[in-house]
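Asks: From the sequence below, what's the structure:
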Amino acid sequence: MDTADVIILGGGLVGSALAVALDAHNMSAIVIDIADPEVILAAGFDGRASAIAGAPWRMLGAIGVAEKVAPIACPIKGIRVSDGLEPGALDFEPDSSEEALGHMVENRRLRAALFETASGAKNVDVRMKTRAVSVDRAASGVTVTLDSGAVIRAPLLIAAEGRNSPTREAAGLNVARWTYDNAAIVTSLHHEHSHENIAFEIFYPDGPFAILPLNDDAQGHRSCIVWSVTRDQAPGMMKLSDRGWLAEADKRIGGFLGKLGPLGARSSYPLGFHHAAKIVSNRLALVGDAAHGIHPIAGQGVNVGFRDVATLVEVLVEGKRSGLDLGDPALLARYDRWRSLDTLMVSVATDGLTRLFGVKGKTANAVRRFGLSAVQKMPPLKRRFIAEARGESGDVPKLLQGMMV
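Replies: Residues are numbered from 1 along each chain as shown. Model prediction:
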């Protein structure tokens, strides 16, 4: 097709999910991405895993993707938060009648499921290894010329290109940004004792240490590790032998998982924050990291992007039913308003947690332990945190409730 309801620049997790969700509502999308599928779907391309919160998981179920990854997804049945290995931890566990808090899915598996679903959708035209060489967002619509020479058109352009989105920069949308003095080292490791489907967030002065449950494999029990270290430590941590790295990890874990190893491939990512003041412009909407990027401290990164998807789909589907131009400023303003408060609150909360737990000293340590213990004894507040972790706070779009628009 050369015309569609929307053109999506970027076919990663968020861009692909958006295309699939629109297709489920009989709306069409052309997805443009410069990546080579054989590279991005290869086993060694991305060693990260994502904690898909409860509400985004319901959206994936509604659009037919969750069933494809459910067999390899690990349910998260509880979250344990602690300040180092000191007593006074905070436990989040759903009631026995409630669903899991989320599901851990390896990024490459989720990317493959979304890519396969998008590629097979009747209303989606996926063009990989393709670049947009010019974009014209005119009053009458959007025209994009591709490096293949093809010209495609739609009433709306959606940027899902990631944190360095050239489309966002070209549109002149202002972004608040800063970098943390941290890098995340991500890997998977095997361990002697079961994680019992519990995710652990252990805070240390130089950054959080997260242990996220993965399904067992032929070698036994397994977890994903997201270890925040200071930037000057990261190169040395990456050069350590597996044995040396596991010894350092064992000090952070405190032995409750038993003997550690073998260790998976390690990768390192710089950590930063960015937040676009506005996520819409003339016939343009931003989603995912193109709109906002946060610290992985609460595991909300891709979930914020999926919340963008659910909100934008609801706005566009209702707009089309009303006979509106999908690039109508009123429609885009609704999307901007709906997402702005939620993303700002999540961004401020994750940044605040990062700074709070980074304060060194015995007094700060004691105050944090007191705070964790206090919340532990307040069920209503804990339920509020659980709702936020699941993505169920605020005005929840229908897809996040597991319903079609």
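
Asks: Low-confidence stretches in the stretch 201-350 of the chain?
Replies: 295-301, 343-350 (pLDDT under 70).

Asks: can you pull out the helices in it?
Replies: Taking DSSP state H, counting those that start in this stretch, the helices of the stretch 201-350 of the chain run over residues 234-239, 242-253, 301-321, 329-356.

Asks: Just say which of these is most tucked in.
Replies: helix 301-321 (a mean of 24; mean count of other CB atoms under 10 Å). (C-beta placed from N, C-alpha, C; glycine too.)

Asks: tally of neighbours for the closest residue to residue 26 other than its chain neighbours?
Replies: Spatial nearest neighbour of residue 26, chain neighbours left out: residue 123 (6.5 Å); criterion: CB to CB, 6 or more residues apart in numbering. Neighbour count for residue 123, taken as other CB atoms under 10 Å: 18.

Asks: Mind checking the helices of the stretch 201-350 of the chain for the one nearest to residue 219?
Replies: Residue 219 sits nearest to helix 242-253 of all the helices of the stretch 201-350 of the chain, at 14.0 Å, using CB to CB.

Asks: Give the other helices and strands that the closest one contacts.
Replies: Helices and strands touching helix 242-253, by 3 or more CB pairs under 8 Å, 6 or more residues apart in numbering; DSSP states H and E, are strand 198-204, strand 207-217, strand 220-230, strand 260-263.

Asks: Of the ones you listed, which is nearest residue 291?
Replies: strand 220-230 (22.2 Å).

Asks: Show me which residues of the closest one are buried.
Replies: For strand 220-230, a neighbour-count test (16 or more other CB atoms under 10 Å) marks 221-229 as buried.

Asks: and the closest residue to residue 200 other than its chain neighbours, what are its bridge partners?
Replies: Spatial nearest neighbour of residue 200, chain neighbours left out: residue 211 (4.2 Å); criterion: CB to CB, 6+ apart. Judged by DSSP bridges, the bridge partners of residue 211 are residue 200, residue 225.

Asks: number of nearby residues for residue 211?
Replies: Neighbour tally, residue 211, other CB under 10 Å: 23.

Asks: now do residue 193
Replies: Neighbours of residue 193 (other CB under 10 Å): 12.

Asks: that's a strand at it, yeah?
Replies: No. According to DSSP: H, G, I helix; E, B strand; the rest coil, residue 193 belongs to no strand; its state is coil.

Asks: And it, how far from residue 258?
Replies: Using CB to CB, to the nearest Å, residue 193 is found at 4 Å from residue 258.

Asks: just residue 330 next, same as before
Replies: Taking CB to CB, one finds residue 330 at 58 Å from residue 258.

Asks: repeat for residue 143
Replies: Distance from residue 143 to residue 258, by CB to CB: 60 Å.

Asks: which residues touch residue 173?
Replies: 276-279, 281, 286 (CB atoms under 8 Å, 6 or more residues apart in numbering).

Asks: Give me the subset of these lying in strands.
Replies: 276, 281, 286 (DSSP state E).

Asks: For the residue nearest to residue 91 when sequence neighbours are not counted, list each beta-bridge partner.
Replies: Leaving aside its sequence neighbours, residue 91 sits nearest to residue 80 (CB to CB, 6+ apart; 5.3 Å). Beta-bridge pairing for residue 80 (DSSP bridges): residue 91, residue 200.

Asks: Tell me who's in contact with residue 80.
Replies: Counted by CB under 8 Å, 6+ apart, residue 80 has contacts 89-92, 198-201.

Asks: Could I have the PyMOL command that selects the buried members from those residues?
Replies: Buried members of those, defined by 16+ other CB under 10 Å, are picked up in PyMOL with:
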select buried, resi 89+90+92+198+199+200+201
